[in-house]
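**Student:** sequence and computational prediction follow.
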Amino acid sequence: MTGVGAWIRYGGPLKAADVEEAARHYRAAILQPWETAAAARLKELAPHMTVLAYQCLSSTRDFEPPERLASGIAQAEAARHGWHARRRDGSLIEWDGYPGHFQTTVWDPDYRCAWAERVRERIAPTAFDGVMADNDVFDDYYGLGLPIEGADDPAALRESLGMLVDEAGAALAGIGRILVPNIAEARREPGRWERHSAWGGGFDECWLGWGDDSFLDAPDALAQAHELTAPGLTIVRAPSGGAGSPRALYGLAAFWVLGGGRGAFASTGHDDYSRLAWLPALDADLGAPLGPPRHRARLWRRDFERGVAIVNLDGARGARPRLPAGLVEPGPRGGPDGAPLPRRALLGPRSGLIALRP
């Protein structure tokens, strides 16, 4: 039985061995749209897995050949139709920090229609269950220098992207596929997650924080909790610096406590999407929750049929929760055969614990 992990893997070239291994462990996967053979193999080995194709909503890339488009629209087509955004001096807008990525006119109805049509045509003959639509941005993350031609402020950009999400979601729904946008900063706008995830689910790439040393405080982290209980597939990625980081367990414990095991979870470093980022605790099966999360002082806890999850969302102070006797850590394969846990476990700031009943 697979665990709760999400394989976010749209970086470097895939390895066949990683595909086979992912089928044994993951609940969801995000691949590049041209990795159709890998998508088909995953669905063959793990029919339950949701496999999504990466597509960028709001940029083209000048280094992409037409047959390998991570963007919804090719650079040449966007240039031909005037779908590249421009600053008020007429210059194209290349994203800060991402050379070769150019902002597109998401406010143009023709661009939105073409994006939905091209992506639908691209995905229809494949085994992909749908699309993860990246860069459903909330603010100016890429140095656009707003106002620009067509968009005066981030609110105008958000409104246009909301329309694109709806148009693309409807197009994909027409062929039985889902749309899972990378919904930025949903906690800052009531209803944003529910609106943008209405076509099959949502992805939060910055769940609990932005980097290994840049985490949300407890109230803001809790403001993201509703994402895990929304309809559709929710995929959350917590920053960790890599699968071996203790922050990975922090994110996983919060995932279980706040969401009860619904959705899929990943923990990676920044743009670290070229590895099989697996850790044994992802396969730990806690079973169904026995009740809602319970909060005491700095700790949030939830009891399950086969174990307990506890998370300390406080960034400054640790705590020592009392555990039932006989609990163990997840073993090398995620099973209840790991090291015994003490009755008083130490949970430092922003740390978590997954405990199983042997």
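**Tutor:** Nice, thanks for sending it over.
**Student:** only C-alpha atoms for contact and neighbour calcs from this point on.
**Tutor:** Fine.
**Student:** what is the helix or strand encompassing residue 165 packed up against?
**Tutor:** Assignment of secondary structure by DSSP states H and E places residue 165 within helix 154-173. Packing partners of helix 154-173 (3 or more Cα pairs under 8 Å, 6 or more residues apart in numbering; DSSP states H and E): helix 109-123, strand 130-136, strand 178-183, helix 192-196.
**Student:** which of those is buried the deepest?
**Tutor:** Burial of those is given as mean neighbour count (mean count of other Cα atoms under 10 Å); strand 178-183 ranks first at a mean of 27.
**Student:** any idea of the mean pLDDT for that strand?
**Tutor:** Per-residue pLDDT over strand 178-183 has a mean of 98.
**Student:** can you list the residues that contact that strand?
**Tutor:** Here strand 178-183 makes contact (Cα atoms under 8 Å, 6 or more residues apart in numbering) with 129-138, 165, 168-169, 172-173, 193, 196-197, 199-205, 233.
**Student:** follow-up on the earlier one: any chance of a markdown table for the helices and strands packed on helix 154-173, columns distance to residue 29?
**Tutor:** Below are the helices and strands packed on helix 154-173 laid out as a markdown table (distance: least, Cα to Cα, whole Å):
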| stretch | distance to residue 29 |
| --- | --- |
| helix 109-123 | 15 |
| strand 130-136 | 10 |
| strand 178-183 | 12 |
| helix 192-196 | 20 |
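**Student:** can you tell which of those is closest to residue 160?
**Tutor:** Distance to residue 160, taken as Cα to Cα, is lowest for helix 109-123 among the helices and strands packed on helix 154-173, at 8.9 Å.
**Student:** show me what the closest one is packed against.
**Tutor:** On a contact count with 3+ Cα pairs under 8 Å, 6+ apart, helix 109-123 meets helix 154-173.
**Student:** now the helix it packs on against strand 178-183, angle please.
**Tutor:** Here helix 154-173 points in a direction 160 degrees away from that of strand 178-183 (axes from the mean of the first three to the mean of the last three Cα atoms, to 10 degrees).
**Student:** for helix 154-173, which residues meet the burial criterion?
**Tutor:** By 16 or more other Cα atoms under 10 Å, the buried positions in helix 154-173 come out as 154, 157-158, 160-173.
**Student:** pLDDT of that helix, averaged?
**Tutor:** Helix 154-173 shows an average pLDDT of 98 in the prediction.
**Student:** using PDB, list the CA coordinates for that helix.
**Tutor:** The C-alpha coordinates for helix 154-173 follow below in PDB (Å, rounded to 0.1, in the frame of the first residue of the first chain):
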ATOM      1  CA  PRO A 154      -1.300  42.400  -8.600                       C
ATOM      2  CA  ALA A 155      -5.100  42.400  -8.100                       C
ATOM      3  CA  ALA A 156      -5.700  42.800 -11.900                       C
ATOM      4  CA  LEU A 157      -3.200  40.000 -12.500                       C
ATOM      5  CA  ARG A 158      -5.000  37.700 -10.000                       C
ATOM      6  CA  GLU A 159      -8.400  38.400 -11.600                       C
ATOM      7  CA  SER A 160      -7.100  37.500 -15.000                       C
ATOM      8  CA  LEU A 161      -5.500  34.300 -13.700                       C
ATOM      9  CA  GLY A 162      -8.800  33.400 -12.000                       C
ATOM     10  CA  MET A 163     -10.500  33.600 -15.400                       C
ATOM     11  CA  LEU A 164      -7.800  31.500 -17.000                       C
ATOM     12  CA  VAL A 165      -8.100  28.800 -14.300                       C
ATOM     13  CA  ASP A 166     -11.900  28.600 -14.900                       C
ATOM     14  CA  GLU A 167     -11.600  28.500 -18.700                       C
ATOM     15  CA  ALA A 168      -8.800  25.800 -18.600                       C
ATOM     16  CA  GLY A 169     -10.600  23.900 -15.900                       C
ATOM     17  CA  ALA A 170     -13.800  23.700 -18.000                       C
ATOM     18  CA  ALA A 171     -11.800  22.700 -21.100                       C
ATOM     19  CA  LEU A 172     -10.100  19.800 -19.200                       C
ATOM     20  CA  ALA A 173     -13.300  18.700 -17.500                       C
END
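**Student:** could you check the angle strand 130-136 makes with it?
**Tutor:** Interaxial angle, helix 154-173 versus strand 130-136 (the same axes, to 10 degrees): 170 degrees.
**Student:** mind checking pLDDT for residue 13?
**Tutor:** Note for residue 13: predicted pLDDT of 89.
**Student:** pretty sure it is in a helix, no?
**Tutor:** No - under the criterion used here (DSSP: H, G, I helix; E, B strand; the rest coil), residue 13 is coil, not part of a helix.
**Student:** how about it: what's its closest non-neighbour residue?
**Tutor:** residue 274 (7.5 Å; Cα to Cα, 6 or more residues apart in numbering).
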